[in-house]
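Peer 1: below is the sequence, then the predicted model.
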Amino acid sequence: MQDGFFLLFCSKIRLSIMPNQQELLRRITELETSVEQLLTKKAEFEQLAELIQDAVFITEFNKNFLFCNQNTYRFFGFEPTPSNKEFLVNEIFDNHPDEWKVQHDSVLAKGESDFEMLIRKSDTDLIKVNVHSRKIIFEGKNCLVSYIRDISDQTKFERSLIIEQQKNKLIIDSIPAMIFIKDKENRFYSANKAFEEQTGYKNEEIFKKSVFDLTHDKVLAEENWKDDLEVIETGIPKRNIIETLFTDKHRWFLTDKIPYRNPEDEIIGIIGFSIDISEHKHAEEELLRSEKMFRLLFETAPDGIILSSLDGKIHSTNKAIENLLGYSSDEFKSLTYFDITPEKWQKIELQIIEEALQNHDNVRSIEKEFIRKDNVIIPVLVTGWIIYNEEGVPFQLGTYVKDLSIEKKAAALENYLLQKENEQLEKDLASKTRELNLQITKLIDINALVDGVIKKLDDILQKDVNEKNKVIAMVMNELASHTNEDLWKQLELTFGQVHQSFYDKLYTLFPDLTRNEKRLCALLKMNLSTKDISSITHQTMRSIEVARARLRTKMKLKRYDSLTKFFSQI
């Protein structure tokens with residue numbers, strides 16, 4: 001009624017104003033329009049408030065109730081009567097003064113407020129509600145509009161959802177594989193504990209960041225995003241992707257990527273599952289390197305290698321054996337080990353292989369022969385070994401083949417040359433021996449001659465005068481001491497040529513021998529008798545015997561040990 005009276009009052013003022021008061025008329029018109037709009041908005045607000053499922057009410061800042069919708073009554077369980085309205089005012093404000101004071105202060109400071117609180121709904125238990133309030137102009141006054149929503153069930157649901165999420169997270173975090181979720185913009189949304197441990201990034205560090213933000217390797221990031229994009233665009237999972245970790249290029253992972261869909265079945269990203277296969281990958285690489293190394297050694301080995309089944313079927317050969325026997329690799333694969341082995345060796349080798357299998361030992365080496373492609377027989381040394389599989393079952397035979405052709409020829413040539421050399425040595429030895437014997441004979445004859453002359457001069461010495469005797473005595477002494485010196489030197493030289501190492505060995509065994517003792521040893525080495533030695537050295541046989549006894553003592557030989565036999569062994 002007040003609003004209608006105001007409009008009528010404005011209308012009458014408009015009819016009574018003078019023409020020169022146009023500005024005032026314009027302002028009155030604007031005011032009239034504003035009032036009409038205000039009334040319209042008020043009606044629209046009240047209609048909308050009835051459509052809202054929440055409790056909606058408007059109060060002045062002094063808590064005076066101006067408006068509430070029907071849901072407010074239903075929310076608190078009362079019929080819409082003035083007394084009930086007063087009751088609602090008390091329930092909302094008086095029972096919870098602290099909460100509403102905070103709400104009131106917040107609205108004054110910020111213009112709106114949002115908080116949760118517990119209120120009593122009629123005579124029932126307390127329920128949890130969400131209260132949202134904001135400052136508005138209602139009926140020309142500064143007021144507070146509040147919306148109350150029962151969130152008890154929502155809270156329970158959220159709590160159960162949180163518990164369920166915690167359970168799921170516990171399960172997901174216990175999975176050793178990395179699990180991560182990315183959106184359509186290649187940004188991480190979530191990841192499990194394994195992902196954090198493997199990459200070193202926490203969830204909060206990777207949230208809404210792409211691989212491009214987390215690595216300097218742009219090529220790796222581009223490959224990673226390419227796989228994601230393929231899954232997002234096709235909706236088809238991509239599995240068994242072998243890739244390096246974006247934070248460590250030395251670690252390898254096997255990754256599956258599947259589409260991540262919302263409840264409406266729209267693809268909103270991808271879910272990834274990655275398993276660390278670094279050890280397997282490194283082992284695989286090491287095996288590959290080992291295989292390459294084996295193949296390199298196999299192909300470049302200087303001697304032949306044959307790999308065959310236990311029944312002799314040839315599977316693989318290297319260049320050395322192919323060159324040795326004249327077969328190509330493909331030709332070898334059509335043969336058996338026994339096709340290239342002469343029949344006389346087959347039974348022997350079968351027995352050797354059988355022994356190795358029974359004793360779980362290597363096949364012992366033997367010298368045998370192979371048949372070359374042109375049927376030439378090749379002498380070889382073969383060494384075999386049994387190859388076992390992972391279960392310890394023998395399944396293959398390896399044979400290492402060394403060509404003995406050159407060695408056999410060299411040995412034959414060496415034997416021939418050695419035989420010729422021995423024959424020549426025997427001839428030279430016989431010649432030297434004859435020469436030595438001749439010189440010894442000459443020495444004996446000359447000494448015999450000298451002894452005769454000395455004897456004759458001795459006879460003259462007994463018959464002639466003293467002066468003459470002195471001259472003859474000097475001749476005799478000179479003849480006895482110098483006559484055979486040159487001949488003796490020649491004798492020692494010839495002896496040294498025939499028995500080259502005798503003096504060296506003698507000096508090693510007995511370094512303190514005198515020159516005469518060495519000469520006596522050489523004469524005994526030539527198996528000369530005491531009489532012959534006496535004749536050569538111009539010593540009596542008694543002196544020679546004494547010298548022999550002294551020599552035996554120095555060499556620590558017993559009296560009955562033969563010096564001639566002893567020197568024959570040196």
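Peer 2: That came through fine.

Peer 1: domain-wise, how is the chain divided?
Peer 2: Residue ranges for each domain of the chain read 2-149, 175-282, 301-403, 427-568, as given by automatic domain parsing.

Peer 1: of these, which is nearest Ser290?
Peer 2: domain 175-282 (12.3 Å; Cβ to Cβ). (C-beta placed from N, C-alpha, C; glycine too.)

Peer 1: mind checking the end-to-end distance for that closest one?
Peer 2: In domain 175-282, first residue to last residue: 23 Å (Cα to Cα, to the nearest Å).

Peer 1: do the same with stretch 202-222
Peer 2: With Cα to Cα applied, stretch 202-222 spans 22 Å between its terminal residues.

Peer 1: contacts for it?
Peer 2: Contacts of stretch 202-222 from elsewhere in the structure, counted by Cβ atoms under 8 Å, 6 or more residues apart in numbering, are 182, 185-191, 196, 199, 201, 224-225, 243-244, 246-247, 249.

Peer 1: which of these fall in helices?
Peer 2: Using DSSP state H, the subset of these located in helices is Glu196, Thr199, Asn224, Trp225.

Peer 1: ok, what's across the strand from Ile242?
Peer 2: Here Ile242 sits in beta bridges with Leu254, going by DSSP bridges.

Peer 1: kindly report the same for Ile270.
Peer 2: With beta bridges defined as DSSP bridges, Ile270 has these partners: Lys182, Pro259.

Peer 1: what residues of stretch 560-567 count as buried?
Peer 2: Residues Leu563, Phe566, Phe567 are the ones in stretch 560-567 that count as buried (16 or more other Cβ atoms under 10 Å).

Peer 1: ok, back up a step: would a markdown table of the domains of the chain with mean pLDDT and distance to Glu421 be doable?
Peer 2: Formatted as a markdown table, these follow (pLDDT from 0 to 100; distance: least, Cβ to Cβ, whole Å):
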| stretch | mean pLDDT | distance to Glu421 |
| --- | --- | --- |
| domain 2-149 | 70 | 117 |
| domain 175-282 | 91 | 62 |
| domain 301-403 | 89 | 25 |
| domain 427-568 | 74 | 10 |
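
Peer 1: save the ones you listed as a markdown table, and put in distance to Leu418 too.
Peer 2: Below are the domains of the chain laid out as a markdown table (distance: least, Cβ to Cβ, whole Å):
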| stretch | distance to Leu418 |
| --- | --- |
| domain 2-149 | 113 |
| domain 175-282 | 58 |
| domain 301-403 | 20 |
| domain 427-568 | 15 |
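
Peer 1: out of those, nearest to Arg159?
Peer 2: domain 2-149 (10.8 Å).

Peer 1: now do the residue most central in space within the chain against Ile275, distance only.
Peer 2: Residue closest to the mean C-alpha point of the chain, counted by Cα atoms, centre = their mean, is His282 at 5.6 Å. Between His282 and Ile275 the distance, using Cβ to Cβ, to the nearest Å, works out to 15 Å.

Peer 1: still on that earlier bit, am I right that the residue nearest to the centre of the chain is in a helix?
Peer 2: Yes. Secondary structure of His282 (DSSP: H, G, I helix; E, B strand; the rest coil): part of a helix.

Peer 1: backbone dihedrals for the residue lying closest to it once chain neighbours are set aside, both of them.
Peer 2: The shortest distance from His282 to any residue other than its chain neighbours is 7.9 Å, reached at Trp252 (Cβ to Cβ, 6 or more residues apart in numbering). The main-chain torsion angles of Trp252 are listed as degrees, to the nearest 10 and equal phi -110, psi 140.

Peer 1: next one: Trp252 from Lys432, what distance?
Peer 2: When distance is defined by Cβ to Cβ, Trp252 is 82 Å away from Lys432.

Peer 1: neighbouring strands - and their directions - for the helix or strand containing Gln396?
Peer 2: In this structure, Gln396 sits in strand 394-403 according to DSSP states H and E. Taking DSSP bridges as the criterion, strand 394-403 pairs within the sheet with strand 304-309 (antiparallel), strand 377-388 (antiparallel).

Peer 1: going on from the helix or strand hosting Glu204, what's the next piece of helix or strand?
Peer 2: Element membership for Glu204, per DSSP H and E: helix 203-206. Tracing the chain C-terminally past helix 203-206 and defining elements by DSSP H and E, one meets helix 211-214 next.

Peer 1: chain center to that following helix: distance?
Peer 2: 29 Å (Cα atoms, centre = their mean, to the nearest Å).

Peer 1: give the buried residues for it.
Peer 2: Of the residues in helix 211-214, those buried by neighbour count under the rule 16+ other Cβ under 10 Å are Val211, Phe212, Leu214.

Peer 1: go on, stretch 417-426?
Peer 2: When neighbours are counted by 16+ other Cβ under 10 Å, no buried residue of stretch 417-426 is found.

Peer 1: strands of the stretch 101-250 of the chain, start to end?
Peer 2: 112-120, 126-138, 141-150, 178-183, 188-191, 238-245, 248-261 (DSSP state E, counting those that start in this stretch).

Peer 1: neighbouring strands - and their directions - for the first one?
Peer 2: Read it as strand 112-120. Looking at strand 112-120 with DSSP bridges, its partner strands are strand 126-138 (antiparallel).

Peer 1: what's next to the strand it pairs with, contact-wise?
Peer 2: Looking at strand 126-138 with Cβ under 8 Å, 6+ apart, the contacting residues turn out to be 42, 58, 66-67, 99, 103, 106-108, 111-121, 142-152, 155.

Peer 1: again, but for stretch 322-341
Peer 2: Counting by Cβ under 8 Å, 6+ apart, stretch 322-341 makes contact with 304, 306, 308, 311-317, 321, 346, 349, 368-374, 378, 397, 399, 401, 403, all of which sit outside it.

Peer 1: tell me the buried residues within those residues.
Peer 2: Applying 16+ other Cβ under 10 Å to these flags 304, 306, 308, 312, 314, 317, 321, 349, 368-370, 378, 397, 399, 401, 403 as buried.

Peer 1: farthest pair in those residues?
Peer 2: Checking the buried ones among the contacts of stretch 322-341 against each other with Cβ to Cβ, the farthest-apart pair comes out as Gly312 and Asp403, at 20.9 Å.

Peer 1: contacting residues for the nearest residue to Arg552 once chain neighbours are set aside?
Peer 2: The spatial neighbour of Arg552 that comes closest, neighbours along the chain excluded (Cβ to Cβ, 6+ apart), is Leu563 at 6.3 Å. Contacts here follow Cβ under 8 Å, 6+ apart; on that basis Leu563 touches Leu524, Arg548, Leu551, Arg552, Leu557.
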